[in-house]
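Trainee: Have a look; sequence and predicted model below, questions after that.
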Amino acid sequence: MSEDQKKNAEEATPAADTNPAEDSSRSEKSPRSEKPSRSDKSQRSEKSSRTKGSRRSNSGVVTGMLSAVVILAAGGGAVAATSMVPGPSGGTGTDILQADVPAGRALGVCPEPARLVSGTVVGTDADFSPVSTTAASALNAVVLSNPAGTVPGSKVTALGGGAVAEIAKAPTSSPAPTSGPPVLAAGVASISPVTSPSVVEAAPIGNEQASMAANLSYSATDGDLRGLASAQCQSPANDSWLQGANTSVGRTAVLNVSNPSETPATVNLDLYGYEGQIQAPGARGLLVAPGTTRSLNLAGLAPGESQLAVRVRSTGGPVAATIQQSVLRGLAPGGVEYLSPGDGPSNVQVMSGVAVQDADGIKALGAKSGFADAVPALQIAVPGSTDAVVQVSLYGANGERKLPNGGVVTVKGGSVATMNLDGVPAGSYTVRASSDVSFVASTRVTRGAKAEEATDFAWSPASARLGSQHLVAVPRDGLRSLSFGVPEGRATVSYAPVTADGKVGKAVDLDLAGGTTSVIELPAKTGDAVVAGYVVSASGDPVYGAMVLGKQGRNDVSVVAIQDAAAGLEKVPVTVGY
């Protein structure tokens, strides 16, 4: 090789040090510190598409340069290598086109009121019987207007079809927003009693999806299902996770899967327990017809599991899934709750609304036979095969609370583990868990410290970071509060009441210090009007929130995570090829 060839080869070689695969690997392995909002995810998707196109183009240039050097070295030519480097073949890299997807209807699927399971637990299909003489249920729905004050057409229907109630008529025109602050209004509906699964829907205005929220609440003061259960009516999905199920003696877990679409749904269940993933023949290929709910007694699929996580996946129509969980300790009712989906697998999970009672009383109760699940606890499920070392932090009104063993728990891949919080002082907390392995998490909240009295429980699922204009529907009676947690930094939360007459009140701003949890007691009325919901927004560092419900003078409790805000016009990547 001539001196010119050697020199040009040495100049070309360093370009091969750049390895896109290694860069991508490093990016994937770094744990996500906080959960992004939908807008953040969309921006990252566009940036990722442009970056990948650029990397492919650069890779072609490097390959061409190295090939030219090898050819020249083999032939012994005297012409400089740089003069023979060909241009990139196949043209230059182009950005992936983004196609506009107009906003669709906002849907919320509400489960039916809690029912006692009758018949054998061997089969997976559950029949139901009436609950008690005092059981009461109510559905409360709120639909927010656009910034110009126009409330979208919205209604409540039965899951199988048929009108239940009209929330707002479809507007004949949609005025453009004026300059200045938005002029918000709302459509409100309250339905009681509720006898079957229902759907709350609101049409989009322009290319903006309607902001809608609905809440189903159930309560009873007698019978085996004594207690309080509440669930936000959820948007249907093709993949969701539910935690907190228990099929051991005295515990009943019924999975309700509803299909609000016009397309049949085929549902597959992935079940995870303490010893690993559970292979249940009856958990695959479950057909859910349009406009129907299929109820499955989980004891027929995974009997004797004290900590059970369920992944619900569907093909065809998207579905909404909840688990009706109840406890009976001998003759003493142990509570009832709806288990709702939380955030999917992630490196960071945050749960707010975790109320802890007197530590000594709870510890003594948990030591009694049959009361192991009557103490607050964090439950973690790891879907993959890699073990997860999870760091758990607890933030109260006065800052972080230390946990035993430094708050570190190891969970085997493909299994579920529980970390008790029975040594924590009384108060309201936010739980933050993180790991370098993706996992799902939920936290159990309990009420009642005497074995001879009725107790109740709730589960606070992991939720997304709060952004702007989240809508929260609240029950019309009972004790209500909003719990906000800021793991680090500092943030501002604003909340404005929505009254039953459709008015949106003045927002109240709340400054929150990092590492703390703040609880806001909610009034039943503002002025003479009944409060039907709240509009919640947050700015600054990440904030997470939940609604905590109760009954005066009783141990009833329920926790509902604040849902994502409505989505507007979105974009999806579109590629053309063959």
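Mentor: Yes, it's here. Numbering: from 1, shown residues only.
Trainee: gap between Leu287 and Gly149?
Mentor: Between Leu287 and Gly149 the distance is 44 Å, computed by CB to CB, to the nearest Å. The way it works is simple: take the backbone N, C-alpha and C, and place the C-beta from them, glycine included.
Trainee: now swap in Leu479 and tell me
Mentor: As it turns out, when the distance is counted by CB to CB, Leu479 lies 32 Å from Gly149.
Trainee: Among Leu287 and Gly149, which residue is more densely surrounded?
Mentor: Neighbours per residue, other CB atoms under 10 Å: of Leu287 and Gly149, the larger number sits with Gly149, 15 against 12.
Trainee: Which residue, other than its chain neighbours, is closest to the more buried one?
Mentor: Val183 (4.3 Å; CB to CB, 6 or more residues apart in numbering).
Trainee: What separation do you get for that neighbour and Asn347?
Mentor: The span separating Val183 from Asn347 equals 41 Å under the rule CB to CB.
Trainee: Enumerate every residue touching Pro318.
Mentor: Under the criterion of CB atoms under 8 Å, 6 or more residues apart in numbering, the contact partners of Pro318 comprise 236-238, 259, 261, 265.
Trainee: Now which of those residues would you call buried?
Mentor: 236, 259, 261, 265 (16 or more other CB atoms under 10 Å).
Trainee: what would the residues you listed look like in CSV with distance to Gly407 and secondary structure?
Mentor: Compiled in CSV, the buried ones among the contacts of Pro318 are given as follows (distance: CB to CB, whole Å; DSSP: H, G, I helix; E, B strand; the rest coil):
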residue, distance to Gly407, secondary structure
Pro236, 36, coil
Asn259, 41, strand
Ser261, 42, coil
Ala265, 40, strand
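Trainee: With respect to Asp373, which of the residues you listed is nearest?
Mentor: Checking those against Asp373 with CB to CB, the nearest one is Pro236 at 30.0 Å.
Trainee: Per-residue pLDDT of that closest one, please?
Mentor: Confidence per residue is given as pLDDT, and for Pro236 that number is 97.
Trainee: and the residue nearest to Gly149, what does it touch?
Mentor: Under the criterion of CB under 8 Å, 6+ apart, the contact list for Val183 reads 147-149.
Trainee: can you check Gln277 too?
Mentor: Listed by CB under 8 Å, 6+ apart, the contact partners of Gln277 are 270-271, 414-415.
Trainee: which residues of the stretch 101-250 of the chain score low on pLDDT?
Mentor: Across the stretch 101-250 of the chain, the ranges flagged by pLDDT under 70 are 101-103, 118-131, 174-178.
Trainee: List the ones among the contacts of Gln277 that fall in strands.
Mentor: Among the contacts of Gln277, the residues falling in strands (DSSP state E) are 270-271.
Trainee: ok, which pair from the contacts of Gln277 is furthest apart?
Mentor: Of all pairs drawn from the contacts of Gln277, the one with the longest distance (CB to CB) is Asp270 and Ser415, at 12.4 Å.
Trainee: And the helices in this protein, which stretches?
Mentor: Counting by DSSP state H, the segments of the chain that form helices are 3-12, 20-29, 38-75, 359-366.
Trainee: what are the C-alpha coordinates of the shortest one, in PDB please?
Mentor: The C-alpha trace of helix 359-366 is given here as PDB (Å, rounded to 0.1, in the frame of the first residue of the first chain):
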ATOM      1  CA  ALA A 359     -49.400   1.900  63.400                       C
ATOM      2  CA  ASP A 360     -49.700  -0.100  66.700                       C
ATOM      3  CA  GLY A 361     -53.400  -1.000  66.100                       C
ATOM      4  CA  ILE A 362     -52.800  -2.100  62.500                       C
ATOM      5  CA  LYS A 363     -49.700  -4.200  63.500                       C
ATOM      6  CA  ALA A 364     -51.700  -6.000  66.200                       C
ATOM      7  CA  LEU A 365     -54.600  -6.700  63.800                       C
ATOM      8  CA  GLY A 366     -52.400  -8.000  61.100                       C
END
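Trainee: Would you mind listing the buried residues in stretch 468-488?
Mentor: 469-476, 478-488.
Trainee: where does it sit relative to the chain's centre, distance-wise?
Mentor: Here stretch 468-488 is found 15 Å from its chain centre; the criterion is CA atoms, centre = their mean, to the nearest Å.
Trainee: if you average pLDDT over stretch 499-506, what comes out?
Mentor: Stretch 499-506 shows an average pLDDT of 96 in the prediction.
Trainee: and the gap between Val531 and Val559?
Mentor: Here the distance between Val531 and Val559 works out to 19 Å (CB to CB).
Trainee: Neighbour count: those two, which is higher?
Mentor: Between Val531 and Val559, counted using other CB under 10 Å, Val559 has the larger neighbour count: 27 against 19.
Trainee: in the sheet, who's paired with the more buried one?
Mentor: For Val559, the residues forming beta bridges with it (DSSP bridges) are Val548.
Trainee: do Val199 as well
Mentor: When bridges are assigned using DSSP bridges, the partners listed for Val199 are Val109, Thr157.
Trainee: So that it lines up with my notes, have the first residue be 28 from now on.
Mentor: New numbering, starting at 28: the last item is Val226.
Trainee: tell me the contacts of it?
Mentor: Taking CB under 8 Å, 6+ apart as the contact definition, Val226 lies against 134-137, 183-186, 260, 287.
Trainee: would a markdown table of those with distance to Gly426 be doable?
Mentor: What follows is the contacts of Val226, written out as a markdown table (distance: CB to CB, whole Å):
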| residue | distance to Gly426 |
| --- | --- |
| Leu134 | 40 |
| Gly135 | 36 |
| Val136 | 39 |
| Cys137 | 38 |
| Val183 | 43 |
| Thr184 | 47 |
| Ala185 | 48 |
| Leu186 | 46 |
| Cys260 | 35 |
| Pro287 | 44 |
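Trainee: Narrow these to just the buried residues.
Mentor: Of all the contacts of Val226 considered here, the ones buried according to neighbour count by 16+ other CB under 10 Å are 134-137, 183-184, 186, 260, 287.
Trainee: Poorly predicted segments of the stretch 278-427 of the chain, please.
Mentor: Scanning the stretch 278-427 of the chain residue by residue, none of them satisfies pLDDT under 70.
Trainee: Identify each of the strands in it and give its residue range.
Mentor: Counting by DSSP state E, counting those that start in this stretch, one finds strands in the stretch 278-427 of the chain at the ranges 278-286, 292-300, 303-305, 313-315, 319-324, 335-343, 347-356, 359-366, 373-383, 404-408, 415-423, 426-428.
Trainee: helices or strands next to the fourth one in the packing?
Mentor: Packed against strand 313-315, as judged by 3 or more CB pairs under 8 Å, 6 or more residues apart in numbering; DSSP states H and E, are the following elements: strand 278-286, strand 292-300, strand 319-324.
Trainee: Figure out which of those strands is closest to Asn582.
Mentor: Nearest to Asn582, of all the helices and strands packed on strand 313-315, is strand 278-286, at 17.9 Å by CB to CB.
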